[in-house]
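Trainee: quick one: sequence and predicted model below, then my questions.
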Protein chains: 2
Amino acid sequence: MNKNKEVTGEEPSGALMADVARLAGVAISTVSRALANPGRVNEKTRAKINAAARQLGYTPNAMARGLRVGKSNIIMIILPGSLYYGASQIIPQVLQSINKSLIQGGYNLMIANLDRDEISERHILDLAFGGSVRGAIILSSKLPEVDGRSLANSGLPIVSMLLDMSDAGLQSVITNDREAVRDVTAELIRLGHRRFFYLAGPEGNYHDVERYAGVLEALEAAGLSEGSVRRSGGHLDYQHGFDIGVQAADDFAELTEKPTAVIATSDDMAISFVSRIQRTGLSIPGDVSVVSFDGSPVCEFCSPPLSTIKQPVEEMGRAAVDLLLDAIGQRQNTAAVRTVIRSSLIPRESVAAPKSCR
Amino acid sequence: MNKNKEVTGEEPSGALMADVARLAGVAISTVSRALANPGRVNEKTRAKINAAARQLGYTPNAMARGLRVGKSNIIMIILPGSLYYGASQIIPQVLQSINKSLIQGGYNLMIANLDRDEISERHILDLAFGGSVRGAIILSSKLPEVDGRSLANSGLPIVSMLLDMSDAGLQSVITNDREAVRDVTAELIRLGHRRFFYLAGPEGNYHDVERYAGVLEALEAAGLSEGSVRRSGGHLDYQHGFDIGVQAADDFAELTEKPTAVIATSDDMAISFVSRIQRTGLSIPGDVSVVSFDGSPVCEFCSPPLSTIKQPVEEMGRAAVDLLLDAIGQRQNTAAVRTVIRSSLIPRESVAAPKSCR
DNA sequence: CGGTTTTTGGCAAACGTTTGCAATAAATCG
DNA sequence: CGATTTATTGCAAACGTTTGCCAAAAACCG
């Protein structure tokens, strides 16, 4: 220890590598090697050192290490905004899955932002350029960029999740939104539905584009015109799913020729939509079938239980971390590519054949 | 830059303080002072330095700074386990609120764990003793502790949230669970309810103890016996709220003399309970009134909309961060104390007077 | 204008690791 | 048994900041 500590004994801050070295009667560098490098030091001295370290309760200083080796073991996650939606747990689930994988790999997860205002952007870039983080997982289509600095040229390995950003040169782990919606729409058509109501996410959003495209593909395949589907919403973010559903119910009420099937692009929308629509005396699935996206557990306990397309968040998280860790490990960056993990429909009582077919 | 960079120009890693100093024609130390210390350097040189820094896109290296000053700007949050429950968003909301406050204070949030197994414990302690973090917010009653090291004597400022740990010497930010439940129970009694059904969290859990005590207090105050309430559950964690509710519905079905009011200790429990109970032909609130805890937004869209006690997560998060930052700022640790923030009931259609009173 | 205070800026030593290089000891070989 | 290799350890220089201390310059004062 350094002089003053001897005097006062004040600092409760842990033992240093130097202390371990002294106790074990070896040089500081030997301790370093013993603790990290396997095989580089004699087994007997290693044992001595380990004993000393344990005795002192030694914990290596992460910042000193990070500074020396020029890299941290922190991965940051860049969120599209809020952490939570109405009832859907997509983002928390992603976080959980990512964090689990990261910890196994010896990394730590840091939340970079919970907003996309300028102060957050700056914050993210400080993290990236300040050497604090080793890589990033991004859940947003907008790469942080403010006065000259952009995450794109930070040199950090970045993996995109949920959104396909392979165009921007990012490894992307996504689910087959379009296909999943196409299939479910096809199934609705098979049941006899001909008029659809689509609850949209924010206009232009990747998910919305993909999912709506899925609907259209199914219609086309069945020889139905694009006019068979009415869109509602499009101006609010997914975070406001409940509001979208409520608004959509109003829109729905005004339609003269009611659609018989509703495709909601998030469970939140479906939940509030159903709630409102039931209040007007319509029954699900008697009058209207409803299917939505996300696979929130709560859907099972709605009345009626809601059919929903479950996003494979768990697997996506794992895959994203794997890709990121690969990128960190290797020097060369592999060509940007999409990893697609399949969503799966959880069929429940909210969908049935339309009345006309029964 | 150092020699090799000149040659290859390879490293995309950012400019150093030395580079800024050179460009501005001053010493490194002046740059440091200009960027951090206000007033310690002439306004003109400061301007020059700022210009140089901006031009180079300079971002200070956080680890070097942290090493030198002996402290990081990272706060870790220790979770009780999973990040998400069924439909309740308590933990994500807490996270969001905390992170927001932290960022405003110039700190970063790191998720320390998503589990409480040994590897996670060790991980948490490594963070604490490795100088990586500056403080901790804990959402669990169990302080991490493994082979000799304990978070308790890490010297880190720690604030507990949701759980009262003032006994253990921790500043605690909590809500008035007991009082809130007492009040709502009293209100149910006032409406005429005399037989209650209580859906419990894990036996011995702080929240469960408090909330159940609240029920009993209200009963006693009304001169009702402890036998007026039946407990269900008690062996599962809040994370399995849906399962608890389902199980409770089974229990309920077997009761000969049905309670007329149900007090669930989480929204998840209430949601699945209601779903199942309705399936047996009972109506809410006709046959049974239901009130729960958490204030999940989704409750508004259940059928019927659920009365729920809203936890003031937002305020609690702010308060916790304030306390933590205070503790970091000051040298002396203030006496452990509880900060109580009031929950508030959101009354909805799931509670009414019992049939006998109408 | 000489002397005293106040600003301002530079030097160099930390902070706690890792790691290239060199030195020593031990082992192997011809 | 001397020479060469190999295993083990130590020395000291990094990593990029901050900051105590000192010197130079500027400002102020009588």
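Mentor: Nice, I can see it.
Trainee: now do the helices in the stretch 101-250 of chain A.
Mentor: Per DSSP state H, counting those that start in this stretch, the stretch 101-250 of chain A carries helices over the ranges A:118-129, A:177-191, A:206-221, A:241-254.
Trainee: which strands or helices does the second one pack on?
Mentor: Using 3 or more C-beta pairs under 8 Å, 6 or more residues apart in numbering or on different chains; DSSP states H and E as the contact criterion, the secondary-structure elements in contact with helix A:177-191 are helix A:206-221, strand A:261-264, strand A:289-294, strand A:307-310, strand A:344-346. Every C-beta, even on glycine, is put in place using the N, C-alpha and C of the backbone.
Trainee: could you dump these to a markdown table with distance to residue B:113?
Mentor: Shown next, in a markdown table, are the helices and strands packed on helix A:177-191 (distance: least, C-beta to C-beta, whole Å):
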| stretch | distance to residue B:113 |
| --- | --- |
| helix A:206-221 | 30 |
| strand A:261-264 | 35 |
| strand A:289-294 | 26 |
| strand A:307-310 | 26 |
| strand A:344-346 | 30 |
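Trainee: so which of those comes closest to residue B:137?
Mentor: Residue B:137 lies closest to strand A:289-294 among those, at 28.9 Å (C-beta to C-beta).
Trainee: quick one: residues in contact with the closest one.
Mentor: With C-beta atoms under 8 Å, 6 or more residues apart in numbering or on different chains as the test, strand A:289-294 has contacts from A:88, A:90, A:177, A:180-181, A:184, A:188, A:191, A:193, A:199, A:211, A:260-271, A:273-274, A:284, A:299, A:306-311, A:345, A:350-352, A:354.
Trainee: backbone torsions only: list them for the spatially most central residue of chain A.
Mentor: Residue closest to the average C-alpha location in chain A (C-alpha atoms, centre = their mean): residue A:94, at 4.0 Å. Residue A:94 adopts backbone torsions of phi -60, psi -50, taken as degrees, to the nearest 10.
Trainee: what residues are up against it?
Mentor: A:139, A:161-162, A:313, A:316-317.
Trainee: tell me which of those is nearest to chain B?
Mentor: The nearest member of the contacts of residue A:94 to chain B, counting by C-beta to the nearest C-beta, is residue A:313 at 10.5 Å.
Trainee: tally of neighbours for that closest one?
Mentor: Residue A:313 is flanked by 25 other residues according to other C-beta atoms under 10 Å in any protein chain shown.
Trainee: so it sits against residue A:97, correct?
Mentor: Yes. Using C-beta atoms under 8 Å, residue A:313 makes contact with residue A:97 at a distance of 6.0 Å.
Trainee: residue A:226 against residue A:216, yeah?
Mentor: Yes. Residue A:226 is within contact range of residue A:216, at 6.2 Å (criterion: C-beta under 8 Å).
Trainee: give me the more crowded residue out of those two.
Mentor: Comparing residue A:226 with residue A:216 by other C-beta under 10 Å, the one with more neighbours is residue A:216, at 19 against 9.
Trainee: and the more buried one, how far is that from DNA strand D?
Mentor: According to C-beta to the nearest atom of the strand, to the nearest Å, residue A:216 stands 52 Å off from DNA strand D.
Trainee: contacting residues for that residue?
Mentor: For residue A:216, the contact set (C-beta under 8 Å, 6+ apart) comprises A:226, A:229.
Trainee: now with 7 Å, please.
Mentor: By C-beta atoms under 7 Å, 6 or more residues apart in numbering or on different chains, residue A:216 lies in contact with residue A:226.
Trainee: do the one 10 residues further on as well
Mentor: Counting by C-beta under 7 Å, 6+ apart, residue A:226 makes contact with A:216, A:219.
Trainee: and it, how far from DNA strand D?
Mentor: Residue A:226 is 56 Å from DNA strand D, by C-beta to the nearest atom of the strand.
Trainee: quick check, residue A:312 in contact with residue A:174.
Mentor: No. Assessed by C-beta atoms under 7 Å, residue A:312 is found out of contact with residue A:174, at 10.1 Å.
Trainee: if you count surrounding residues, which of these two has more?
Mentor: Set side by side, residue A:312 and residue A:174 show more neighbours around residue A:174, with 24 against 19, by other C-beta under 10 Å.
Trainee: nearest residue to the more buried one in space, ignoring adjacent ones along the chain?
Mentor: In space, and not counting its chain neighbours, residue A:174 is closest to residue A:164: 5.0 Å by C-beta to C-beta, 6 or more residues apart in numbering or on different chains.
Trainee: isn't that neighbour up against residue A:336?
Mentor: No. Contact criterion C-beta under 7 Å: residue A:164 and residue A:336 do not qualify, at 10.3 Å.
Trainee: neighbour count: the two, which is higher?
Mentor: Neighbour tally, residue A:164 and residue A:336, criterion other C-beta under 10 Å: the higher count belongs to residue A:164, 19 against 14.
Trainee: look up phi and psi at that one.
Mentor: Main-chain torsions, residue A:164, degrees, to the nearest 10: phi -80, psi 110.
Trainee: how about the contacts made by it?
Mentor: A:172, A:174, A:206, A:338.
Trainee: how does it look with 10 Å?
Mentor: Residues in contact with residue A:164, defined by C-beta atoms under 10 Å, 6 or more residues apart in numbering or on different chains, are A:141, A:170, A:172-175, A:177, A:206-207, A:210, A:338, A:340.
Trainee: picking up where we left off before, most tightly packed of the helices and strands packed on helix A:177-191?
Mentor: Stretch with highest mean neighbour count among those: strand A:261-264 (a mean of 30; mean count of other C-beta atoms under 10 Å in any protein chain shown).
Trainee: note down every partner strand of that one and its orientation.
Mentor: The strands that strand A:261-264 pairs with in its sheet are strand A:196-200 (parallel), strand A:289-294 (parallel) (by DSSP bridges).
Trainee: from the contacts of strand A:289-294, which are also near DNA strand D?
Mentor: Contacts with DNA strand D are made by none of those, judged by C-beta under 7 Å from any atom of the strand.
Trainee: tell me, what's touching residue A:164 and residue A:336 both at once?
Mentor: Common contact partners of residue A:164 and residue A:336 (C-beta under 10 Å, 6+ apart): A:170, A:172.
Trainee: gap between the two ends of stretch A:275-295?
Mentor: 18 Å (C-alpha to C-alpha, to the nearest Å).
Trainee: should've said stretch A:104-122
Mentor: Using C-alpha to C-alpha, the end-to-end distance of stretch A:104-122 comes to 30 Å.
Trainee: between the helices and strands packed on helix A:177-191, which gets nearest to DNA strand C?
Mentor: For DNA strand C, the closest of the helices and strands packed on helix A:177-191 is helix A:206-221, at 40.0 Å, according to C-beta to the nearest atom of the strand.
Trainee: now do the strands in chain A.
Mentor: Under the criterion DSSP state E, strands of chain A are mapped to A:74-78, A:108-111, A:135-138, A:145-146, A:149-150, A:158-161, A:171-175, A:196-200, A:229-233, A:261-264, A:289-294, A:307-310, A:338-341, A:344-346.
Trainee: okay, the ones you listed in a markdown table with mean pLDDT and distance to residue B:63 next?
Mentor: Putting the strands of chain A into a markdown table (pLDDT from 0 to 100; distance: least, C-beta to C-beta, whole Å) gives the following:
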| stretch | mean pLDDT | distance to residue B:63 |
| --- | --- | --- |
| strand A:74-78 | 96 | 10 |
| strand A:108-111 | 92 | 13 |
| strand A:135-138 | 97 | 15 |
| strand A:145-146 | 92 | 22 |
| strand A:149-150 | 92 | 18 |
| strand A:158-161 | 97 | 20 |
| strand A:171-175 | 97 | 26 |
| strand A:196-200 | 98 | 45 |
| strand A:229-233 | 95 | 45 |
| strand A:261-264 | 98 | 46 |
| strand A:289-294 | 97 | 39 |
| strand A:307-310 | 98 | 40 |
| strand A:338-341 | 96 | 32 |
| strand A:344-346 | 97 | 43 |
